[in-house]
Every structure is written in C-alpha cells, then in structure tokens.
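1. 3D, please:
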Amino acid sequence: MAHIEIITDDLTGDETRALIAFHLSDMRATSPEGSVHALDIDGLRHPDVTFWSAWIGGEVAGIGALKRLDEDRGEIKSMRVDDRFRGTGVGRALLRRIMSAARERGMTSLWLETGSTDEFLPAHRLYASEGFLSCGPFEDYREDPFSVYMTRTL
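-> Next up, the predicted model:
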C-alpha cells in the first residue's frame, strides 16, 4: 500500500477544488437534484466543518469532512476517493481520521447520508466494516429512496 498523507485542507488548492467539483458533478449525475446532499466549497468552509484531503505521491487521492451537529454528534460529509486511487485504502484512512477527530472533539456518535444506488455499494461496505449501522433520517434529512442513512457510536 502506498503512503497516504492526510492533511487538514484550506480548500484553496486546484487539485482539491477539482476533486470537489468532480464529486458534486458525479452526485448530480447519479441522483436527482433534491437528493444530492454533498456540500460545495462554500458549505465546506463553514466554521462547523473540518475538511481533509488525502495525498499519495503528491496527488490528491481523496477528500472527506466532519460537520459538527451539536456537542455530541458529528456528520461525515463529502467523502470521495479519486477513481485512480480506489481500492488503495484511502477511503478507510480518511474515515478513520474523521472518526479520530470526532473522538478528540468529544463527540459520541457519527452520522452520515450516502446514496442508495449500486454506485454507492463500496461506500456502504466501507462504513459497515467500520461499525456503522443503518438508521433513519436525522437532522433535516427526510425519507428518500436515493438515500441511505447510517450512524456509529464512538
């Protein structure tokens, strides 16, 4: 496995911004507009959001964010591995970094929304393998056939 470097990202780098743009475009191509919950760059810059990028050999390999919902809960946002780096452990490394940061901040649970179609099966398997369980909608989400909701106690 290649060395993965994960950094807290300020969202100014062209490579990071390009992967965010690709992620948003891809989400809109696989889900109806009302079912796309990925954050754009402005949303990722919110004070309650911390954003990380993963790098391999000087190239951005993945992205992920943690949004504070309240004192005890956080939400995983904008998890994406660049297609060139799928299967290399980038997604798991980012997920574990986010879980670690949530624990450090005193959070006791993490929540997420992801897609329900076949394209999202690798994400479902990753989250389940790290202890996430299916749940119902949380916060402002609603029942949606294009969404899967998961949570994990930390």
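2. Tell me how confident the model is about the helix ranked longest in the chain, as a mean pLDDT.
-> In the chain, taking DSSP state H as the definition, the longest helix is helix 14-30. Averaging pLDDT along helix 14-30 gives 94.
3. same question, stretch 75-90
-> Along stretch 75-90, the predicted confidence averages to a pLDDT of 96.
4. Return the distance of that stretch from the chain's centre.
-> The chain centroid and the centroid of stretch 75-90 are separated by 8 Å under CA atoms, centre = their mean, to the nearest Å.
5. Stretch 129-143 too?
-> Average the C-alpha atoms of stretch 129-143, do the same for its chain, and the two points are 13 Å apart (CA atoms, centre = their mean).
6. cool, and stretch 131-151?
-> On the basis of CA atoms, centre = their mean, stretch 131-151 is displaced by 14 Å from the centre of the chain it belongs to.
7. What residues sit buried inside it?
-> Using 16 or more other CB atoms under 10 Å as the burial criterion, the residues of stretch 131-151 that qualify are Phe132, Phe138, Asp144, Phe146, Ser147, Val148, Tyr149, Met150, Thr151. C-betas here are computed from N, CA, C, even on glycine.
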